[in-house]
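S.K.: Quick one, fold the following:
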Amino acid sequence: MKCFIHADLDAFYASVEQLDNEQYRGKPVIVGGLPEDRRAVVSTASYEARKYGVHAAMPMARAYELCPDAVFLRGDMARYKEKSREVMGIFSRFTPDVRQISIDEAFLDITGTERLFGPPSVLARKLKRAVHEQTGLTVSVGSASNRYVAKIASGMSKPDGFFVVENGAEEDFMRSLPVSKIWGAGGKAQGLFKLHGLKTCTDIHKLEEQTLCAVFGKAFGAFLYRAVRGKSAVFDAARVSHSISAERTFEFDMYDEFMIETELMRICGDLMRRLLDGQLQSRTFAVKIRYNDFSTESAQETAAYPIGDMNDLFERVCSLFRRKRKYGRGIRLIGAGLMNLEPYCPVNELFSFEDERKKKLERCIHEINKKFPKASVKKARLI
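M.R.: Numbering: from 1, shown residues only. All right, here's what the predicted structure looks like:
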């Protein structure tokens, strides 16, 4: 039986700032800009700030109104990426199959690791302890038989939480939730739920798939039918198209490099999740930039090997964006995409020349041999 963990670092940017600056600990911390930055928005708010109603994507001016005594910071992406790599390295000690979908979250396939680390509940506690002891950060973990349910489970008891959905209990778990918990149902979908009087997943569960498709469209209706039954659910046209893309429109002309690249990182996380869900891979990536005069330009490149993970994609997209961007001009929309999609091939990925993946595999083998000297696990070679 398959078993997955979704690990989500708690209030990541703000937590790193509190870790590095003792004077910020226990205080509300808001990352994304300063109060005088009129067009800035909140990237991350510490849990102390969230008590005042501050949340991600909120205009910084509004955050200041709600919590004027908070510590406001513009952020340090280089430092956040450094801590992210540190955490992902810890994850890879527990399984070689770590799929990072954002700077602060990843899926871990822990199927078959019981003899090494114990059942999922034991492994999760070991993982949480390792992250905290070695990085000073806390991580919330959800465990289930598929990634979709594991993702939702990780948010059930934040911060520093742990929630297991037992095998066979996925459908009951989903039916117990409000529609706001459906991963993949954004603001527009929530508006439709409200319009049709759908408040809980049970309300959606009562509807036939044909009815859901008639109301919400074929693709989203089929997605909802599977999601509320606790099954692996994908709402994506990637399987029937050759590309996927995502974009963000800013409320104001955006000049701040940190905020623009933060949005690019979120977009890359979305793209990697969709690749993961669709069991796809890609070597071709693109960026789209729309300026304040509504002129739009785009560029794309093709890598020698398939994109390895979210960090790999972000570094490539960000590099392309920096080379393409016309500095001094406000940006109204930023986007990224992946083209020439093809079925995911783990052999190509495992034996590619990506140094980071080699390091992950080496670490995993080292840990197994250290715990079980007689196992003598070695890498295979291609014939």
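S.K.: Tell me the secondary structure of Arg248, please.
M.R.: Secondary structure state of Arg248, per DSSP: H, G, I helix; E, B strand; the rest coil, is strand.
S.K.: Pull the contacting residues for it.
M.R.: 263, 266-267, 333-335 (CB atoms under 8 Å, 6 or more residues apart in numbering). (C-beta placed from N, C-alpha, C; glycine too.)
S.K.: Could you do Asn340 as well?
M.R.: Taking CB under 8 Å, 6+ apart, we find Asn340 in contact with 242-243, 282-284, 302.
S.K.: Can you tell me which of those residues has the most neighbours?
M.R.: Among the contacts of Asn340, the one with the most neighbours (other CB atoms under 10 Å) is Ser282, at 23 neighbours.
S.K.: ok, that one touching Ile307?
M.R.: Yes: taking contacts as CB atoms under 8 Å, Ser282 lies within contact range of Ile307: 5.9 Å.
S.K.: and for these two, which residues touch both?
M.R.: With CB under 8 Å, 6+ apart, Ser282 and Ile307 have common neighbours 275, 338.
S.K.: got TSV for the contacts of Asn340, with distance to Ile152 and pLDDT too?
M.R.: Below are the contacts of Asn340 laid out as TSV (distance: CB to CB, whole Å; pLDDT from 0 to 100):
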residue	distance to Ile152	pLDDT
His242	30	74
Ser243	28	81
Ser282	26	87
Arg283	31	87
Thr284	32	90
Thr302	35	88
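S.K.: which one among the residues you listed gets closest to Ser46?
M.R.: Nearest to Ser46 among the contacts of Asn340, counting by CB to CB, is Ser282 at 35.4 Å.
S.K.: Ignoring the adjacent residues along the chain, who's closest to that closest one?
M.R.: Nearest-residue entry for Ser282: Leu338, 4.1 Å, with adjacent residues in sequence omitted and distances by CB to CB, 6 or more residues apart in numbering.
S.K.: in the stretch 201-350 of the chain, which spans are strands?
M.R.: For the stretch 201-350 of the chain, applying DSSP state E, counting those that start in this stretch gives strands covering 243-254, 280-281, 284-291, 296-302, 331-339, 342-343.
S.K.: quick one, what contacts Asp104?
M.R.: By CB under 8 Å, 6+ apart, the residues touching Asp104 are 8-9, 12, 84.
S.K.: Hmm, I typed the wrong one, I wanted Lys158.
M.R.: Applying CB under 8 Å, 6+ apart, the residues near Lys158 are 8, 10, 140.
S.K.: redo that, cut-off 10 Å
M.R.: Contact analysis of Lys158 by CB atoms under 10 Å, 6 or more residues apart in numbering lists 8, 10-11, 47, 138-140, 142.
S.K.: Of the residues you listed - the most surrounded one?
M.R.: Val139 (29 neighbours).
S.K.: got the contact list for it?
M.R.: 7-10, 12, 15, 87, 90-91, 104-106, 124, 127-128, 130-132, 154, 158-162.
S.K.: can we see that at 7 Å?
M.R.: By CB atoms under 7 Å, 6 or more residues apart in numbering, Val139 lies in contact with 7-10, 128, 131.
S.K.: among those, which are in strands?
M.R.: Among the contacts of Val139, the members found in strands (DSSP state E) are 7-9.
S.K.: Take the residues you listed and lay them out in a markdown table including distance to Gly278 and pLDDT.
M.R.: Output for the ones in strands among the contacts of Val139, formatted as a markdown table (distance: CB to CB, whole Å; pLDDT from 0 to 100):
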| residue | distance to Gly278 | pLDDT |
| --- | --- | --- |
| Ala7 | 22 | 96 |
| Asp8 | 22 | 95 |
| Leu9 | 25 | 96 |
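S.K.: For these, give me a markdown table that also has distance to Gln210.
M.R.: Converted to a markdown table, the ones in strands among the contacts of Val139 look like this (distance: CB to CB, whole Å):
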| residue | distance to Gln210 |
| --- | --- |
| Ala7 | 37 |
| Asp8 | 35 |
| Leu9 | 41 |
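S.K.: returning to that earlier point: please work out which of the strands of the stretch 201-350 of the chain is packed deepest.
M.R.: strand 331-339 (a mean of 22; mean count of other CB atoms under 10 Å).
S.K.: beta partners of Glu297?
M.R.: Ile289 (DSSP bridges).
S.K.: Find me the pLDDT at it, would you?
M.R.: On the pLDDT scale, Glu297 is placed at 89.
S.K.: Give me the distance between it and Arg325.
M.R.: Glu297 is 9 Å from Arg325, where distance means CB to CB, to the nearest Å.
S.K.: any idea where the helices of the stretch 1-150 of the chain begin and end?
M.R.: 12-20, 47-50, 60-66, 77-91, 114-117, 120-135, 147-153 (DSSP state H, counting those that start in this stretch).
S.K.: circling back to that earlier point, what's the overlap in contacts for Glu297 and Arg325?
M.R.: Shared contacts of Glu297 and Arg325, counting by CB under 7 Å, 6+ apart, come down to Ile289.
S.K.: Lowest-scoring secondary structure element of this structure by mean pLDDT?
M.R.: One helix or strand of the chain scores below all others by mean pLDDT, DSSP states H and E: helix 346-350, with a mean of 43.
S.K.: coming back round to it: the residue nearest to Ser282: what's it in contact with?
M.R.: So Leu338 contacts 243-244, 271, 275, 282, 284-285 (CB under 7 Å, 6+ apart).
S.K.: show me the contacts for the residue nearest to Pro306 when sequence neighbours are not counted.
M.R.: Nearest residue to Pro306 in three dimensions, chain neighbours excluded: Gln281, at 4.1 Å (CB to CB, 6+ apart). When contacts are counted by CB under 7 Å, 6+ apart, Gln281 touches 275, 306-307, 342, 344-345.
S.K.: Please pick the buried ones from those.
M.R.: Neighbour-count burial (16 or more other CB atoms under 10 Å) applied to the contacts of Gln281 gives 275, 306-307.
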